[in-house]
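Student: What would the 3D arrangement of this be:
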Amino acid sequence: MSLEMEDMDSEGPSIQELGTQFSGLLILIQERLTILYRRIQKRVLQTAILVCVLLLLLWVAIFLYGSFYYSFMPTANFITPVHFYYRTDCTSPHHSICSFPMANFSLLRNGKKQVMAYGQPYQITLELEMPESPANEQMGMFLVKMYCYSYEGQIIDTAARSTMLHYRSSLLQSLNTLMFSPLLLMGAAEQKQYILVELYSSYIDNSYKPTVGAVIEIHSQQVQIYKAQVYVHAHFSGIRYILYHFPIASAVLGVLSNFTFLSVLILMSYLQVAMGGIWPNQQVGKWNKERQRRADVPEATDQYERNTHPEDNNTITKTYLLDASVMGPSDIKAYSSGKMEESILDTGMEDNVETNGSSGLAEEQHVSEARSEETYLKLRFLSEGLPDVSTDPTDKAYYRTGTCLSS
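Tutor: Predicted structure coming up:
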């Protein structure tokens, strides 16, 4: 039995190995779950940020459209009551009204903002609620006048229209009274008519003299009126017509246009900042090379000036070396011969320039070419690490001689 148990133990994995494998599996599962949780958390955060940005863009688009609509669209309809007044101090016993009924009303909203926009045509209509009384029927036709005035009280425009009650025969009035007698008895209906008087069909306000109010006068002393109202209605055209008659479609189209524009703007900004721009890399590299080349030019020029004028940087050392008490005979002789050659060559060049001064532009061109060749050679010596020709008097004299011969 013991041998069989040992064989079984040797064939199958031990408990420790199973525990190790199980713990490794748990650790792997834990790592995978951690990675998955981090990915989900990252995705949720990105989705939340994206939703917030989209909601912000939508709110900004709605705000922009609302601001545009409020600033672009004028008042479409304006209704104001009209209260007539008249004099009663007349001496005639036959007329209780001693003057024509008149009414003064304002065309300012809340006493500050103008109702009518500049350049916008308006229709101005007066509505009269008049009873079907014998006095109004006998009065017949009467005249209604309107005077528009500015801030200074100056009359800007005047309109006059005539009107009257609609005619009804006695038989029609009797049938109407019989038919609506229950409503008339209960007070739900009245025997009256609404008279609409179109004073202006297309009134355009003047920008230099804006209309702030108007006066309405009825040229009749027998008129009887329940109440009156003035309607100011705008006649829109073009974009204003579409915005007023199709408000929902206009709002959807305007908000979507603003949202698309803002989304494209945000996307281009994100690409420019996060991904290094939307322009080709070759163009950017060309710009960088051009900038580097322009930055290297002043450095090369400074190096050239330092090499061509070493006496400005080492004045004290040069003065010490040129002292006769320090220099030896061979040094003095070499220095004198070098200075003499330079002075002879300089004198020769000056004589050559003076004798050829009459040649003009041709000589100047040769001199400029010689100077450009000298500059090129010195920059080449500097780039290759070779000693400058200006430091050796013999080479310098030889170079100047070659320059004079070439010129």
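Student: show me where the chain has strands.
Tutor: In chain order, the chain shows strands spanning 77-82, 102-106, 108-109, 113-114, 121-131, 142-149, 155-163, 192-204, 213-219, 227-234, with DSSP state E as the criterion.
Student: Run through the neighbouring helices and strands of the first one.
Tutor: With contacts defined as 3 or more CB pairs under 8 Å, 6 or more residues apart in numbering; DSSP states H and E, strand 77-82 has these neighbours: strand 102-106, strand 227-234. The way it works is simple: take the backbone N, C-alpha and C, and place the C-beta from them, glycine included.
Student: closest to residue 271 out of those?
Tutor: Closest to residue 271 of these is strand 227-234 (CB to CB; 45.3 Å).
Student: which of the residues in the closest one are buried?
Tutor: If you call a residue buried by 16 or more other CB atoms under 10 Å, then strand 227-234 has these buried ones: 228, 230, 231, 232, 234.
Student: Make JSON lines from the residues you listed and add pLDDT to it.
Tutor: Formatted as JSON lines, the entries for those read as follows, by pLDDT from 0 to 100:
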{"residue": "228", "pLDDT": "94"}
{"residue": "230", "pLDDT": "94"}
{"residue": "231", "pLDDT": "94"}
{"residue": "232", "pLDDT": "93"}
{"residue": "234", "pLDDT": "92"}
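Student: and which of these is nearest to residue 47?
Tutor: Using CB to CB, residue 234 is the member of those that lies nearest residue 47, at 46.5 Å.
Student: residue contacts, that closest one?
Tutor: For residue 234, the contacting residues are 74, 75, 76, 77, 117, 120, 121, 122, 123, by CB atoms under 8 Å, 6 or more residues apart in numbering.
Student: Can you lay out the helices and strands packed on strand 77-82 as TSV showing distance to residue 197?
Tutor: Rendered in TSV, the data for the helices and strands packed on strand 77-82 read as follows (distance: least, CB to CB, whole Å):
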stretch	distance to residue 197
strand 102-106	13
strand 227-234	9
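Student: Residue 25 is nearest to which of the ones you listed?
Tutor: strand 227-234 (78.5 Å).
Student: and the closest one with strand 121-131, angle?
Tutor: Here strand 227-234 runs at an angle of 160 degrees relative to strand 121-131 (axes from the mean of the first three to the mean of the last three CA atoms, to 10 degrees).
Student: what's the angle from strand 227-234 to strand 102-106?
Tutor: If you take the same axes, to 10 degrees, strand 227-234 sits at 40 degrees to strand 102-106.
Student: Could I get the average pLDDT for stretch 54-73?
Tutor: Summarised as a single mean, pLDDT over stretch 54-73 is 93.
Student: Can you give me the buried ones in that stretch?
Tutor: Using 16+ other CB under 10 Å, the residues of stretch 54-73 that count as buried are 57, 58, 61, 64, 65, 73.
Student: who's in contact with that stretch?
Tutor: Taking CB under 8 Å, 6+ apart as the criterion, the residues outside stretch 54-73 that touch it are 239-240, 243-244, 251, 254-256, 258-259, 262-263, 266.
Student: Now do residue 124 against residue 146, distance only.
Tutor: Spatial separation of residue 124 from residue 146 under the definition CB to CB, to the nearest Å is 7 Å.
Student: Give me the common contacts of the two.
Tutor: Counting by CB under 8 Å, 6+ apart, the residues touching both residue 124 and residue 146 are 159, 199, 200.
Student: I'd say the second one and residue 161 touch.
Tutor: The reference is to residue 199. Yes. The pair residue 199 and residue 161 qualifies as a contact (CB atoms under 8 Å) at a distance of 5.8 Å.
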